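Visitor: Sharing a model prediction with you, sequence too.
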Amino acid sequence: MRGTHSPAAMDFPILRTQPGERPLAYLDNAATTQKPEAVIRRLADYYSRENANIHRGGYPLSLRAEQLYEQARRRVQGWLGAASPREVVFTRSSTEGLNLLAHAGLEAWAGPGDNVVVTELEHASNYYPFQRQCAVRQVEFRVAAARRDGSLDPEAVEALLDGRTKLVSVTAMSNVTGFRPDLKAVIRAAHRVGARVAVDASQEIAHHRVDVGALDCDFLCFSGHKVYGPTGCGVLYGKEEALAQLPPWLYGGGMLERAGPGGTAWKDGPDRFEAGSPDVASVLGLSAALDYLDGKGVSALFAYEAELARYLRERLGAVPGVRLHGPDCPSPILTFSVEGWAAYDVGVLLGRAGVAVRCGAHCAYPLMERMGLDGSCRVSLGIYNSAADVDALAGELERMGRTGYVYSSP
Amino acid sequence: MSIQALDRAYARTFRALGDPDSQCQYLLSLALGREDGGKGTRSPDRRVKGCKTALWAVAWAEGAAVRFQADSDSLLVGGVLAVFQALYDGAPAAEVPAAPPEFLEEVSREVIYPEVRENGLRECWRRVRQAAETADRPPRGGKIR
């Protein structure tokens, strides 16, 4: 692996260095990914030549923007393997999509005596919206326990299901350890008792192809910025018949079919959930990111990344004083601690040395508690990372272990 | 030396160090140089919640003086706590309300993140101030430290 360069690295302007500049080893891709030139250019082009509000203007510029927006919806539909563009709702982020589902889903389907199931692996955005809405609606909030190593036995979820389970919401890939639960087993079990299943694909989307048809989930969400698109745009996929049962969550312009003294009616399809002026530019940016990935050959990029993940695990595992946490399997997300150092200090000192990682609890407090961790450092790979980035990280950790608090300065 | 004068001296030191790397080295050396490192402070009731690092702090009044002990799993934060301790532990309570830890303005945000300041260090300062409110009035002409 040593000496191998990513086939994508040169497409990302932020990673290009001038002579004499220290390269940035950006290893915090689980938080957000960098943007390829194609995405940056798409945003500039839209604002330079195509910007108008949609669903409102009868003039060519607005109609053109609306056409581009709906094209992007079809692009996402294709990327996810959804049956129809009407199954793709644009949101601001995964967080917004999951909050939408918690509000509208529980309003539609759950009441006192029913229950909702999540797991200890969840990011805060797939935990607290459901916990809160359950409390508001007197619905039981059930949490499937993780194993001590951060993995999840699907039977731990299955054991919590019964005829009153209305919704199961589970991550496709832990943002702390990179562990991928057996989603098909969870979905099959939930469907057997008549429950809907939502999948948080915020991390999964950047490392594996997702096919909602093959998965047979009822809902799935992700954020565009974690898959090389801009911030401000996310996706909530929902089976058409499931979305049709949900009431609106946000109310305002663009989602009304009619309004007046005779009553109010909401539009069908995704428009019902997209009140207000949408972030057209970000949606087009997400579409450009998916075009970019397909253009580069996404399968090859993900295969390259998987190979780099193996190297990462092997390389960090050999650094004295570094302890890897989580299940023993290669993943582009890896969490670790360094003997004698707080995670915070490791993060700051690595940052000073040009290596960007995340430190803390990673917005996954139940999982951290289960794993017995107060905090940890997390390294997460992207398609542009290289063995040199991994070596830079490992080198700094070796230096910290060897020389105490002396670390390399720029 | 008054709390404010000492605080200004620390502020000058951090300003003179300038770059974040030098400030890191200085904070680490302060943390490693602490005599007891505040180790006895670690108990659940003293834990400051919501901070990005593990942080324990306790402040109490002793006659007309304030006492302050704190610890963190982070050496960098421990360095800041060493300054807090120098400023406030054994200081006259009457001086405290007018002497917030302004030296922090000179510490780079790349070294001590805003989240640590807001959730951790602000709470330390709140505990010191609260302890000062419960202290006795200072003895006339008395020297506390």
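Guide: Received the coordinates, thanks. Numbering: from 1, shown residues only, chains lettered A, B, ... in the order given.

Visitor: which helices and strands sit right next to the helix or strand of chain B with the lowest mean pLDDT?
Guide: In chain B, no helix or strand scores lower on mean pLDDT, DSSP states H and E than helix B:114-116, which sits at a mean of 91. Using 3 or more CB pairs under 8 Å, 6 or more residues apart in numbering or on different chains; DSSP states H and E, no helix or strand is in contact with helix B:114-116. Quick note: C-beta positions are derived from backbone N, CA and C, even for glycine.

Visitor: I'd like the next helix or strand past that helix.
Guide: helix B:122-133 (DSSP states H and E).

Visitor: nearest residue to the residue in the stretch 1-150 of chain A positioned nearest to chain B other than its sequence neighbours?
Guide: Residue of the stretch 1-150 of chain A nearest chain B, by CB to the nearest CB: A:R22 (12.4 Å). Nearest non-adjacent residue to A:R22, counting by CB to CB, 6 or more residues apart in numbering or on different chains: A:G354, 4.8 Å away.

Visitor: you'd agree the one you found is up against A:L24?
Guide: Yes: when contacts are counted by CB atoms under 8 Å, A:G354 is listed as touching A:L24 (5.7 Å).

Visitor: Test for you: state the pLDDT assigned to residue 130.
Guide: I'll assume chain A. Here the pLDDT value assigned to A:F130 is 98.

Visitor: think we crossed wires, I meant chain B
Guide: 95.

Visitor: Just give the nearest non-adjacent residue to it, would you?
Guide: B:A59 (6.9 Å).

Visitor: Specify the local secondary structure of the residue of the stretch 1-150 of chain A closest to chain B.
Guide: Using DSSP: H, G, I helix; E, B strand; the rest coil, the structure places A:R22 in coil.

Visitor: Please look at it and A:V355 and confirm they touch.
Guide: No: taking contacts as CB under 8 Å, A:R22 lies outside contact range of A:V355: 10.2 Å.

Visitor: what about these two, which has more around it?
Guide: With neighbours defined as other CB atoms under 10 Å in any protein chain shown, A:R22 and A:V355 compare such that A:V355 has more, 26 against 11.

Visitor: Show me which residues of chain B are close to chain A?
Guide: Residues of chain B found near chain A (CB under 8 Å from any CB of the partner chain) are B:20-21, B:24-25, B:28, B:32, B:52-54, B:72-77, B:110-111, B:113, B:116.

Visitor: Only whichever of these are buried, select them in ChimeraX.
Guide: Selection of buried members from these for ChimeraX, criterion 16 or more other CB atoms under 10 Å in any protein chain shown:
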select /B:20,21,24,25,28,52,53,54,72,73,74,75,76,77,111,113,116
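
Visitor: on that earlier part again, now the phi/psi pair for the residue of the stretch 1-150 of chain A closest to chain B, please.
Guide: The phi/psi pair for A:R22 (degrees, to the nearest 10) reads phi -80, psi 130.

Visitor: Look at A:F302 and say how many residues are nearby.
Guide: A:F302 has 17 neighbours, counted by other CB under 10 Å.

Visitor: what about A:C221, distance to A:V235?
Guide: 6 Å (CB to CB, to the nearest Å).

Visitor: brain fart, A:M400
Guide: 40 Å.

Visitor: give me every residue that touches the residue most central in space within chain B.
Guide: Against the mean C-alpha coordinate of chain B, by CA atoms, centre = their mean, the closest residue is B:F84 at 1.7 Å. By CB atoms under 8 Å, 6 or more residues apart in numbering or on different chains, the residues touching B:F84 are B:68, B:70, B:101, B:121, B:124-125, B:128.

Visitor: Closest one of those to chain A?
Guide: Taking the contacts of B:F84 together and measuring to chain A by CB to the nearest CB, the closest member is B:L121, at 13.0 Å.

Visitor: Secondary structure element holding the closest residue to B:E105 other than its chain neighbours?
Guide: Closest residue to B:E105 apart from its sequence neighbours, by CB to CB, 6+ apart: B:A11 at 7.1 Å. Taking DSSP H and E as the definition, B:A11 sits inside helix B:3-17.

Visitor: returning to that earlier point: host element of the residue nearest to the centre of chain B?
Guide: helix B:75-88.

Visitor: just how off-centre is the helix or strand following that helix within its chain?
Guide: Using DSSP H and E, the helix or strand that follows helix B:75-88 in sequence is strand B:91-92. Chain-centre distance of strand B:91-92: 13 Å, with CA atoms, centre = their mean, to the nearest Å.

Visitor: who has more neighbours, A:M400 and A:V235?
Guide: Remark: of A:M400 and A:V235, A:V235 carries more neighbours, 29 against 25, as counted by other CB under 10 Å.

Visitor: mind listing what the more buried one touches?
Guide: A:V235 makes contact with A:76, A:80, A:88-91, A:97, A:221-222, A:224, A:286 under the criterion CB under 8 Å, 6+ apart.

Visitor: same question, A:T91
Guide: Contacts for A:T91 (CB under 8 Å, 6+ apart) come out as A:97, A:100, A:221, A:233-236, A:273.

Visitor: Which neighbouring elements make contact with the helix or strand harbouring B:Q23?
Guide: B:Q23 is part of helix B:20-32 when elements are defined by DSSP H and E. With contacts taken as 3+ CB pairs under 8 Å, 6+ apart, helix B:20-32 sits against helix A:343-352, helix B:3-17, helix B:75-88.

Visitor: will you turn those helices into JSON lines that also has distance to A:Y46 and mean pLDDT?
Guide: Below are the helices and strands packed on helix B:20-32 laid out as JSON lines (distance: least, CB to CB, whole Å; pLDDT from 0 to 100):
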{"stretch": "helix A:343-352", "distance to A:Y46": "33", "mean pLDDT": "95"}
{"stretch": "helix B:3-17", "distance to A:Y46": "45", "mean pLDDT": "96"}
{"stretch": "helix B:75-88", "distance to A:Y46": "43", "mean pLDDT": "96"}
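
Visitor: just to revisit the earlier point, count of residues packed around the residue nearest to A:R22?
Guide: 18.

Visitor: which residues touch it?
Guide: Contact partners of A:G354, counting by CB under 8 Å, 6+ apart, are A:22-25, A:392, A:410.

Visitor: contacting residues around stretch B:113-126?
Guide: The contact list for stretch B:113-126, computed with CB under 8 Å, 6+ apart, reads A:344, A:348, B:48-53, B:55, B:57, B:59, B:68, B:70, B:72, B:77, B:80-81, B:84, B:100-101, B:104, B:112.

Visitor: Out of the residues you listed, which end up buried?
Guide: Restricting these to buried positions leaves A:344, A:348, B:48, B:51-53, B:55, B:57, B:59, B:68, B:70, B:72, B:77, B:80-81, B:84, B:100-101, B:104, B:112, with burial counted as 16+ other CB under 10 Å.

Visitor: No further queries at this time; thank you.
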